[in-house]
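> After the sequence you'll find the predicted model.
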Amino acid sequence: MRNGTTVQEFILEGFPAIQHLGKILFLVHLLAYLASIAGNAVIVTITCADSRLHTPMYFFLSIFSFLECGVVSAVIPKLLVIFLLDRKIISFLACFIQAFVFLFLGAAGFLLIAVMSLDRYVAICKPLHYTTIMNPKTCFLLVTACFTLAFPLISGMVIKVSQLSFCGPHVIPHFFCDVGPLIHLSCSDSRSAEMLAFALALVILLTSLIITIIAYSNIVVTIVRLPSAREKQKAFSTCSSHLIVLSLMYGSCVFIYVKPKQRNRLDSNREAALVNTVVTPLLNPVIYTLRNKQVHQALRETISNLPLMFLLQSSDFI
């Protein structure tokens, strides 16, 4: 922190207009949080446990579900405390740690979405070369690249914002620490930090979006050329769930971050952020599993084998 920084803690405003419904909102968000964690954890567990799901698509999906668990865990617990106990204070250090974790996992998630789009492109447009191109080593390197690219970009931005002077006020008009509201609170010249945040959002979101659009444009062209209606339906069904998820994520994040003036529309950002931190992580496991027969079968077999596994463990213990 610079010498000009006198603020040692911030106050998260949350949703003051509906704070009187705190206990009801606490229950609603708690259930959504638990359902999101449980759903994404099931995807990770099933993917690891069932050998039939040891494919690139489910490998990327399990990493994406893991990232979603991290994103909601970085934000929602503090929101639950605000709703239930009305404790809105967060320390300077904790605030920037929360901002870093949320942005780092979010950026890695968007890069991973681009990788998942490329995986679907290779699977549908280059089916004969799919196993050769998307081998385990390539999949691991692609996931590693997502984290490796996201870490220095987000670290540099968060460090730059943390070095701004904060002299007061210290009320963040949001329900978690995000770079836009933090830049808005700075009492020093924050134009360079604001432009850096805009540039990084533009690079990460639009690069991922462009790769996804190009991949799915080629997929659509390939599917239209398929001779069989059944083959077309099968190909579209494998991509439709991915398209629903990424439309929700891109829509909310482009609205929040891809604008040069972070000072504008801070109030409306809260509602858009709820989509990204509550709704999308909750819908991801539902969208990806309800339309997937392989996951259905793996879940049924796992559930049916639970009593047998329990009996075997009990007999070993005895």
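Sure thing, it's come through.

> Please enumerate the helices of the stretch 51-200 of the chain.
All helices of the stretch 51-200 of the chain, identified by DSSP state H, counting those that start in this stretch, fall at 56-85, 92-125, 130-133, 136-162, 179-185, 191-201.

> And the third one, what's buried?
I take that to be helix 130-133. Y130 (16 or more other Cβ atoms under 10 Å). Every C-beta, even on glycine, is put in place using the N, C-alpha and C of the backbone.

> Dump it to CSV, keeping only the CA atoms.
Once non-C-alpha atoms are left out, helix 130-133 reads as follows in CSV (Å, rounded to 0.1, in the frame of the first residue of the first chain):
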residue,chain,number,x,y,z
TYR,A,130,-9.7,-36.5,-32.9
THR,A,131,-7.9,-39.1,-30.7
THR,A,132,-4.6,-38.2,-32.3
ILE,A,133,-5.0,-34.4,-31.9
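
> In terms of helices and strands, where is the closest residue to H54 other than its chain neighbours?
Spatial nearest neighbour of H54, chain neighbours left out: T47 (7.6 Å); criterion: Cβ to Cβ, 6 or more residues apart in numbering. Assigned by DSSP states H and E, T47 belongs to helix 22-49.

> Can you report how many residues lie near the nearest residue to L243 once chain neighbours are set aside?
The spatially closest residue to L243, leaving aside those adjacent along the chain, is Y216, at 7.1 Å (Cβ to Cβ, 6+ apart). By other Cβ atoms under 10 Å, the residues close to Y216 number 19.

> Next, find the distance separating Y216 from A32.
Distance, Y216 to A32, using Cβ to Cβ, to the nearest Å: 29 Å.

> Relative to L196, how far out is the closest residue to S192 other than its chain neighbours?
Counting by Cβ to Cβ, 6+ apart, S192 lies nearest to K160, which is 7.6 Å off, once chain neighbours are set aside. K160 sits 6 Å away from L196, going by Cβ to Cβ.

> so can I have a markdown table of the helices of the stretch 51-200 of the chain showing distance to N40?
Shown next, in a markdown table, are these (distance: least, Cβ to Cβ, whole Å):
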| stretch | distance to N40 |
| --- | --- |
| helix 56-85 | 4 |
| helix 92-125 | 12 |
| helix 130-133 | 26 |
| helix 136-162 | 16 |
| helix 179-185 | 25 |
| helix 191-201 | 24 |
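
> so which of those comes closest to Q294?
Across the helices of the stretch 51-200 of the chain, Q294 has its closest neighbour in helix 56-85 (8.1 Å, Cβ to Cβ).

> A123: neighbour count?
By other Cβ under 10 Å, the residues close to A123 number 20.

> hang on, isn't it packed against M57?
Yes - contact criterion Cβ atoms under 8 Å: A123 and M57 qualify, at 7.1 Å.

> Which residues are in contact with the residue nearest to S192?
Neighbour list for K160: S192, A193, L196 [criterion: Cβ atoms under 8 Å, 6 or more residues apart in numbering].

> Repeat that for S190.
Neighbour list for S190: L164, I183 [criterion: Cβ under 8 Å, 6+ apart].

> As PDB, could you dump the C-alpha coordinates of stretch 20-38?
The C-alpha trace of stretch 20-38 is given here as PDB (Å, rounded to 0.1, in the frame of the first residue of the first chain):
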ATOM      1  CA  HIS A  20     -34.800  -6.200   5.200                       C
ATOM      2  CA  LEU A  21     -35.400  -9.600   3.500                       C
ATOM      3  CA  GLY A  22     -32.000 -10.800   4.700                       C
ATOM      4  CA  LYS A  23     -33.000 -14.100   6.200                       C
ATOM      5  CA  ILE A  24     -35.100 -15.100   3.200                       C
ATOM      6  CA  LEU A  25     -32.300 -14.100   0.800                       C
ATOM      7  CA  PHE A  26     -29.800 -15.900   3.000                       C
ATOM      8  CA  LEU A  27     -31.800 -19.100   2.700                       C
ATOM      9  CA  VAL A  28     -32.300 -18.800  -1.100                       C
ATOM     10  CA  HIS A  29     -28.700 -18.100  -1.800                       C
ATOM     11  CA  LEU A  30     -27.500 -20.800   0.700                       C
ATOM     12  CA  LEU A  31     -29.600 -23.400  -1.200                       C
ATOM     13  CA  ALA A  32     -28.300 -22.100  -4.500                       C
ATOM     14  CA  TYR A  33     -24.700 -22.200  -3.200                       C
ATOM     15  CA  LEU A  34     -25.000 -25.800  -1.900                       C
ATOM     16  CA  ALA A  35     -26.800 -27.000  -5.000                       C
ATOM     17  CA  SER A  36     -24.100 -25.400  -7.200                       C
ATOM     18  CA  ILE A  37     -21.300 -26.900  -5.200                       C
ATOM     19  CA  ALA A  38     -23.000 -30.300  -5.100                       C
END
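
> Now that stretch: buried residues?
Neighbour-count burial for stretch 20-38 [16+ other Cβ under 10 Å]: G22, L25, F26, H29, L30, A32, Y33, S36, I37.

> now stretch 93-100
C95, F96, Q98, A99, F100.

> Give me the spatial nearest neighbour of the third one, chain neighbours excluded.
Of all residues beyond its chain neighbours, the one nearest Q98 is C177 (4.7 Å), with distances taken as Cβ to Cβ, 6+ apart.
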